[in-house]
Structure formats: structure tokens, C-alpha cells
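Asker: Any chance you could fold what I've pasted below:
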Amino acid sequence: MSWLFQLGCRAKSSGPRAQSGVNKEAAQRNIETLVSTPHVQSEGQRHNDSSGKSGGRDRKTKPSAVTSTTSSNTTTTTASIGNLQIATIMPATISESFIHGQRLMLIFLVALCIVVACVLSTETTMPTQNMSNKERAELREEARDMFYHAYNAYMQNAYPADELMPLSCKGRYRGVTPSRGDMDDILGNFSMTLVDTLDTLVLLGDFTEFEHAVKLVIRDVQFDSDIIVSVFETNIRMVGGLLSAHILAEYLQKHADTMHWYKGELLELSRELGYRLLPAFNTSTGIPHARVNLRLGMKDPMLKKSRETCTACAGTILLEFAALSRLTGDPIFEVRAHAAMDALWKLRHRGSDLMGTVLNVHSGDWVRRDSGVGAGIDSYYEYLFKSYVLLGDDKYLARFNRHYNAVMKYVSEGPMLLDVLMHRPHAKSKNFMDSLLAFWPGLQVLSGDLKPAVQTHEMLYQVMQMHTFIPEAFTVDFQIHWGQHPLRPEFIESTYFLYRATGDHHYLQVGKKALKTLQKYAKVSCGYAAVNDVRTGKHEDRMDSFVLSETIKYLFLLFSDPQDLIINVDEFVFTTEAHLLPLSIAQLGNATFSFRQTDEHNVLDFMRTCPSSNKLFPEKVRKPLRNFITGSCPRTTAGKRLSALDFQASNADHLRAVYDMGITMVSVGDRSQGKAKSHEEGEMGLQFMQEMLELTKMQSINQLAQLQAVAYATDEKPQDWIALMAGPSHFGPELTGDQFVQGELILAKPLRACDETLENAEEAKGKVLVAERGDCTFVSKARLAQKVGAAALIVCDNVPGSSGETQPMFAMSGDGKDDVLIPVVFMYSMEFGKLSAVMQRRKQPLRVRVMQMVEFKRWQLAKEQRLNQTASVAQKPEKEL
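Answerer: Next comes the predicted model:
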């Protein structure tokens, strides 16, 4: 991909010429030429090649040697190492002192040669074993087999459903299969997996099945359904899938002499779907709603309260809509998509150039000001850069570079990428990273910033090796935050682009590891199942369409040579769903709007780039990071930083630590970095004070989401009660003040409570029902509990060993409907385990009380005060009475 892999000087240099961004002219020139840039050799490598010796990574370093030859008049002494030779020539007859001086000089030269040898040896050693062509071909065919294992399972057991449920071995239909809440917004009963997979069939060279699948889509897929769908997901999976399949169908007509019957039916389907999505753009800002009804548009009563969307949801539309406009000649789609991108750009924080994550589509106000590169914002950055590549619009390159500089300045911490607050970019908003950020190294490769791409990819690879899969979210010390893994493609995508950019076989080995892991831990008899928890390896009855359209596609491409593919992928841009849009679309211009906005063009800042000639560069970057996660190479000498959350004013060690940071604990005062023990301690002190401010704010905010309590009377003293911590929910009535629900505890049968009814429905009436987390949404369990007449519902965690003492409590999310009328709380495994132990120990049913934790403590305190008063009265002398 010539336009993709112009590696800039900033990958290896520093100073004013090491600018972030992209060489616009070089990128444009490469787009036009569409020829792969050959590897640029160093002068030493050229010398080796011209002399017939092996160059590049096969080059061997010769041992050092000192030789002496004498002629009739002179003596020549030579020190050699590898290809480097240093000679001294002196007369045959000369004084002893001169000879002694020459010997000292020779010793110095030999020492210099040894130093050079160390450098050459370091640069030419490749610990990654090259993969043979045979093994690579075998892995390519294994990836092909993986695709057909999943594809055939879907076609035979699920089609025309949107998705395959691999454990049940049946299809997932909207409105038929038990609801998963907001997750089901991707479903529209339009055979999503087949549409999403069409172009993968072409890449695999299976024209017969592609033709058959296209006929099925034309015959069966329709969009006139009273269903609310996600605008973002429907666009990238369905519109993108239909457009890519249309483009490839016409390509096969011209180059493979097949599908002559095809007359653009897929393009018409994509146009119809595009029109059904357009009502979502009718907002005062031009930023589209997150959801739309395929039949009713925004007139659906369920969408009356629609106000918010995510940055990625609104900013990941332009590629598909621009292609749709240019292929159909209807400009409305591209105009609306450009307007949405322009509106988002105006909402950036002007001081930091960062974007938030969630905003109000009518007012443009930010609802969530977290800024990073993960969930909710990821593909916005991707579409800024790729819009420049596909459409040739300079403003998107300028915008991308502004955002990219901000991300690298505020969000990037070495190989890690931690969310910050857009308006206070030095304040971290999260202590964990989500797996969606794995796309970022691939985008960095495309933009030419190779070094941080290699670093972040290496960190992610170590996380994968540590946990088998990359968990959905992991903490800054690389422990699991959310344990799910839905077989996401982002890490494999970045691996593919890094291999294409560097040719480093390390990335083939990484791809092999990912492929074998999928085969071992995700493969089931009916496709590939998502992993519910990477700690236990438990499967989830879910196979997203992106497993076929992206995950396996990128694996196949990684192990394929250009001659193995029917099309030249260098002539296409991959969308965020890995659909193929041709670069030639730029020639089909849309003249209904102006590209130029001169106030945001700082292109000269990004033109000082050049190709990288360092063939072994990725290995040199990875090497210092090999033990990054194990912590064998500490990042600072200051040790573990004391956080504001852990600080205790009564702890002498903590007081000494903050004193070293330059903070003096007095009744009223401030910090002084000048008083800090060191510069590092001063920086940590600044972070500490910022955290204290944030913590103060959060403590006031957290009053809005009070912890719940599940209390029960003790065996020894029935008047004494013990309360266990529980989390609230965003649905159902909120227990406030002295409100509580009390009743006998009963376990649901089946425990997951995801079926139409319960086996013990009659027994559950009027009681506090317990259901286990998993298989369906929290709100689905609540509705079933309400249906059977339960007084309240306790959802217990399905992860062994989880505890509110070690993990943050959260509020269970709903689906936007207000139909749950019973209280619902959540308990981690350790807390519920204590409750379960009491249930098993007692012969009589256990009665519990569900209430606010703060109210329980007040109740207990009032009870203790009454007991103390009674006791003091009983102890008074009779005279006083």
C-alpha cells in the first residue's frame, strides 16, 4: 500500500524537523502512482548487495582481526571487523618511540572497532524467526478454513437471521430472541452477517459463493420494518457491506468474466437504506441521532427522548455516505455526512483540540467529556484520516493532525493510552483502557508514525499473552477490568498494517498466535463463540458479524501475498468494518460543496517527513518493551505513586510521601513544586493535588448514586442485623430515605432467569428473587421477576471471587423503557457468597431487607441509641427514678 506506508522521520528523529502528522504531498503522490515503495537500503546494505554478500537481516558480522604485512619498505597493520577495516602504514625502519606510539594508536583503533562491532551486532540481530513461505501458506489456508467453518454454520443454521448464536446453533432475530437491551440495536432483521461478509468471499476467491450470496441478498433483504436500529452500526455494516459488494461485483464483471446478470441491485438497496437513515440527521446541529426507526424515521414514540450520541457514532459515516453519493449521483448523503463532521469539529475544545465522548445532538453540549482513543470516539479519528485519503479533502488531514497532536500530548503515556478530560487534559478520567484502542497502532502506521505504533502494539501483545485474549477493558497495571472478549478484530487489524509497513516477520508470529488462540479457545461445533470471561474461558452465545467481515479477513490477508489475491488491495481503502472502497471514487467528484477552509490548514507543519531506511527499526523499538508488563524495567525511580484515593492523613508514611512531593499538610495552604524532593516528586505532587480536587467532586457526585444494602438478622442476636454491599440500577424504583423492601430470599430456577418464565414462579411471589448475571440483560431479568410477582430482585455476579472491596460498584443499565416497578440491586460474588452461606446454614427461610446503605447505617445507629438509653434507665437508682 504505497500511500499507506510512507514512514516519516518522526519515527526515528527529534528536534524541530520531527513533526507529527502526514506528508500530504508524498501521500497524494503515492495515491496517484499506486505502486509499492521498495525498501530503502542503508549505504552499508547497498555495499553488501553490490559486492555479492548478503545484506539486510541476513548480514553476518565478522569477528575482529588484526593482521600485519611487511614489504621491502613499509609495514601495514590492519584492524578489521565485519566490513570495517582500519589500516596504518609505516616505514620498515623507524625509531622505537615512534613504533610505541603507533602501537598505542592501533590499540585505540581496535577498541573503536570493538565498539562499532557491538553496534552492528545489535542492529543486525533479529530474535524473531522468519516464517517460511510454506508455513505462511498453511496459515493462510487455516484462516480460510476458519472462515468457512463460521460462514457455513451461519448459512446452515441461522440465515436469514442477522447473527448466529453458536452455542444454541440457531439465528438471532430482533423481537424473537430474548432481548439484550441496547446491544440489539445493531439488529434489523436484514441478514446482517451475510451482507457484512460478501466482500470477504471475493478476497477468498470464491466467486461462485459470492454470486450465490448476492442473489440471496437481492431476493431476501428488505428494510421496511418497524424496528429501531443504530445509525452507526447500520451504516458501517449494512451500507458499507452493500457498497463494497456492489463495487466488487462490477469488478468481477470486468476482470473475471462472471456475474453478467448483475445490474446494480446492491447499489439500489444501499440507496434505499441510506434514505431510511437520513431522518436521523434532522437536528439543529446536523449531528445525527444515535438511533432511527427504519419505517417511521424519528416519528417513533420510543425516540421522542432521543438526545445523545457518541462522537464515533456521528463521525463514522462519511466514507460510506460519500461513496453512496458518488456512485448514485445523489449528493444528499455526502452533504449530510460532511455537515456532521463540520459540526463535530466546531465542538472540539479549542484549548486542547480534544473531543469528548457523548454529546447532545440538539444543543451540541458535551454530556461526557472523557477524551481518548477507545470506545465512543475511536473511529472518528480513523474517518478523518481516511476521508482525506479517499476524497482528497485537505481539511480532514489538517483536522486529523490537530487531533493527533493532542492525543499524543495528553492521552499517550508511552505505550499506554489513558482517557483524560477534554477541558482539563492533564487530569485522567479513567484508570483503565478498553480493547477498542487496539485499532490505534494501525491508524498510526497509515499516518506514518511508526514508533508509537510499534510500542502500543507490543504492549497489547503482552496483554494478550498474559490473559490469552485482550479483555474488553484492562487496568493501568494490566489486570482485568471487564473480562469479556467478543473476538474483536482491532488488534489483528493493527498487526496486519504493521506487517505491511515493516515486513517484519514478528507480526506474522503475532498473527499466528492470535489465529491459534481463536482455534483453541473460541472454536465450537457451530462457528466461533465469544468469550464471556477470559479468566475462566467460559463462552457466550454470540458471534458478531465482524468475526467474518474483519477478524478472519485480516488474518487471511496477513498470511497472503499480493499474488494470492484477485484484487490489488492497495487500490482500496478499508472502512472501519474492513469493507473495500476504491481510491478511484475521488475522481467522481461532488461539486455541491466547497472543500476549502483556510483557517485550519497548517499543512507545512506536516511536510517535513521522509521514508525510513531502517529495516530493523520495529525490533529496536520493541526490545525495551519486552518486560513492560512484568515490570522488570521500572518507568521511574520514584516507586509507586501515592494516589489521592489511598491517602490517609493519619498515616505517617503517607505524610512523608506527600512532603517529598512538595506538599505541606497545614490547615490552609498550597503546594510548592520548589519544595519538592525532586522534579519527579514535584510532578507526582501536582497529579496528587489534581486527584484530590477530582475526588472531592466525585464524592459529591456519588451521593446521587447511593450504595444499596441487603441486610439480614444474625443467628446469635436476631435484633442485630448485618448489611452486605449492593449496587443500584438505572431502572426500577429508587429506594430512598426510609424506604425498603423486605421478604424471604429465593433462588430463581433456572438461576440465570432468561427464559419465558420460571420453574418456581409460584414460590417466587412476594419474595426477594435471586438471579445470576449472564445470558441476557439485567433489565430482562427484572421484567421476568416482576412478571412472576417477586417483591424485589438481586442479581449476583457470575465471576468467581469478585468483590465490592476490590472492584468499583456500578449501576446496572437499562434499555430506556420505564416498565420495571420492583427494586433491583446487584451483588458481587463474595458478598452474595456470605448471604448464600447463611441461607444454607439456616433451616428456616432467610428474610432480607433491601434498602439504601446510608439509611441502614442510620437505622442501626438509632437502634443502638435506643438500646443505650434503655440500658442507662435500667441502671439508675430507685431514688433517681
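
Asker: how close does A792 sit to P845?
Answerer: 15 Å (C-beta to C-beta, to the nearest Å). From N, CA and C alone the C-beta is placed, and that goes for glycine too.

Asker: So for those two, which residue has more residues nearby?
Answerer: Legend: neighbour count by other C-beta atoms under 10 Å for A792 and P845, higher for A792 (27 against 12).

Asker: so that one makes contact with V850?
Answerer: Yes: counting by C-beta atoms under 8 Å, V850 is a contact partner of A792 at 5.1 Å.

Asker: Now do the shared contacts for these two.
Answerer: V741, V768, P823, V825 (C-beta atoms under 8 Å, 6 or more residues apart in numbering).

Asker: Chain neighbours aside, what residue packs nearest to the third one?
Answerer: Once flanking residues are discounted, P823 sits nearest to A792: 4.6 Å by C-beta to C-beta, 6 or more residues apart in numbering.

Asker: May I have the residues that are in contact with that neighbour?
Answerer: A792 touches V741, G743, V768, L769, A785, I822, P823, V824, V825, V850, counting by C-beta under 8 Å, 6+ apart.

Asker: Repeat the analysis, applying 10 Å as the threshold.
Answerer: For A792, the contacting residues are 710, 732-733, 735, 740-743, 745, 767-770, 782, 785-786, 822-825, 848-850, by C-beta atoms under 10 Å, 6 or more residues apart in numbering.

Asker: Out of those residues, which sit inside strands?
Answerer: 710, 740-743, 745, 768-770, 824-825, 848-850 (DSSP state E).

Asker: Selection in PyMOL covering whichever of those are buried, please.
Answerer: In PyMOL syntax, the buried subset of the ones in strands among the contacts of A792 is picked out as below (16 or more other C-beta atoms under 10 Å):
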select buried, resi 710+740+741+743+745+768+769+770+824+825+848+849+850
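
Asker: From the ones in strands among the contacts of A792, pick the one nearest F546.
Answerer: Nearest to F546 among these, counting by C-beta to C-beta, is V824 at 31.5 Å.

Asker: I'd say the closest one and I794 touch.
Answerer: Yes: V824 lies in contact with I794 (C-beta atoms under 10 Å); the separation is 7.9 Å.

Asker: shared neighbours, the two?
Answerer: In contact with both V824 and I794: Q708, A726, L769, A771, A785, V850, using C-beta under 10 Å, 6+ apart.

Asker: need the residues you listed in JSON lines with pLDDT and distance to T234, can you?
Answerer: Compiled in JSON lines, those are given as follows (pLDDT from 0 to 100; distance: C-beta to C-beta, whole Å):
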{"residue": "Q708", "pLDDT": "86", "distance to T234": "37"}
{"residue": "A726", "pLDDT": "90", "distance to T234": "37"}
{"residue": "L769", "pLDDT": "93", "distance to T234": "36"}
{"residue": "A771", "pLDDT": "93", "distance to T234": "32"}
{"residue": "A785", "pLDDT": "92", "distance to T234": "33"}
{"residue": "V850", "pLDDT": "90", "distance to T234": "40"}
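
Asker: quick check, nearest of these to L294?
Answerer: The closest of the shared contacts of V824 and I794, once distances to L294 are taken by C-beta to C-beta, is A785, at 31.8 Å.

Asker: mind listing what that closest one touches?
Answerer: 732, 748, 753, 758, 761, 764, 767-771, 791-795, 820, 822, 824.

Asker: ok now do V788, which residues does it touch?
Answerer: Per C-beta under 10 Å, 6+ apart, neighbours of V788: A748, A753, T757, L758, N760, A761, E762, E763, A764, K765, K767, L769.

Asker: which secondary element of the chain has the worst mean pLDDT?
Answerer: Sorting the helices and strands of the chain by mean pLDDT, DSSP states H and E puts helix 43-50 at the bottom, at a mean of 37.

Asker: what helix or strand does G241 sit in?
Answerer: helix 240-255 (DSSP states H and E).

Asker: quick one: the strands in the stretch 351-500 of the chain?
Answerer: In the stretch 351-500 of the chain, the strands defined using DSSP state E, counting those that start in this stretch lie at 358-360, 366-368, 370-371, 412-413, 416-417, 420-421, 424-428, 432-434, 473-475, 480-482.

Asker: For T575, find the nearest of those.
Answerer: strand 432-434 (20.8 Å).

Asker: now that closest one: mean pLDDT?
Answerer: The pLDDT scores in strand 432-434 average 94.

Asker: Stretch 136-156 too?
Answerer: Mean predicted lDDT for stretch 136-156 stands at 98.

Asker: That stretch: which residues count as buried?
Answerer: For stretch 136-156, by 16+ other C-beta under 10 Å, it's 136, 139-140, 142-144, 146-147, 149-151, 153-155.

Asker: got the CA coordinates for that stretch in CSV?
Answerer: What follows is stretch 136-156, C-alpha atoms only, in CSV (Å, rounded to 0.1, in the frame of the first residue of the first chain):
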residue,chain,number,x,y,z
ARG,A,136,2.6,-18.9,5.9
ALA,A,137,0.7,-20.6,3.1
GLU,A,138,-0.5,-23.2,5.7
LEU,A,139,-1.7,-20.5,8.0
ARG,A,140,-3.5,-18.7,5.1
GLU,A,141,-5.4,-21.9,4.3
GLU,A,142,-6.2,-22.4,8.0
ALA,A,143,-7.7,-18.9,8.1
ARG,A,144,-9.7,-19.8,5.0
ASP,A,145,-10.9,-23.0,6.8
MET,A,146,-11.8,-20.8,9.8
PHE,A,147,-13.9,-18.6,7.6
TYR,A,148,-15.9,-21.4,6.1
HIS,A,149,-16.4,-23.1,9.4
ALA,A,150,-18.1,-20.0,10.7
TYR,A,151,-19.8,-19.0,7.4
ASN,A,152,-21.3,-22.4,6.8
ALA,A,153,-22.5,-22.6,10.4
TYR,A,154,-24.3,-19.3,9.8
MET,A,155,-25.8,-20.2,6.4
GLN,A,156,-26.9,-23.6,7.5
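
Asker: Low-confidence stretches in this protein?
Answerer: Residues of the chain meeting the criterion pLDDT under 70: 1-128, 589-653, 655-656, 658-683, 686-706, 715-719, 816, 867, 870-881.

Asker: Could you rerun that using 80?
Answerer: Where the chain drops to pLDDT under 80, the residues are 1-129, 588-706, 714-720, 736-738, 806-810, 813-818, 842-844, 859-881.

Asker: Outline the domain layout of it.
Answerer: 133-606, 652-702, 705-868 (automatic domain parsing).

Asker: which residues sit in contact with the residue nearest the centre of the chain?
Answerer: Geometric centre of the chain, nearest residue: L436, 1.2 Å, by C-alpha atoms, centre = their mean. Counting by C-beta under 10 Å, 6+ apart, L436 makes contact with 312, 372-379, 472-473, 488, 490.

Asker: before we move on, what about Y396?
Answerer: Contacts of Y396 by C-beta under 10 Å, 6+ apart are 318, 338, 341, 345, 383-390, 595, 600.

Asker: Could you pull out the helices in the stretch 151-300 of the chain for me?
Answerer: 192-203, 207-220, 231-233, 240-255, 265-277 (DSSP state H, counting those that start in this stretch).

Asker: what's the most buried one of those helices?
Answerer: Ranked by mean neighbour count, those are led by helix 192-203 with a mean of 26 (mean count of other C-beta atoms under 10 Å).

Asker: Taking helix 265-277 as reference, get the angle to it.
Answerer: 140 degrees (axes from the mean of the first three to the mean of the last three C-alpha atoms, to 10 degrees).

Asker: Test my guess that A791 contacts P733.
Answerer: No: taking C-beta under 10 Å as the definition, A791 is not a contact partner of P733, at 11.5 Å.

Asker: Pull up the overlap in contacts between the two.
Answerer: Common neighbours of A791 and P733 (C-beta under 10 Å, 6+ apart) are V741, I822, P823.
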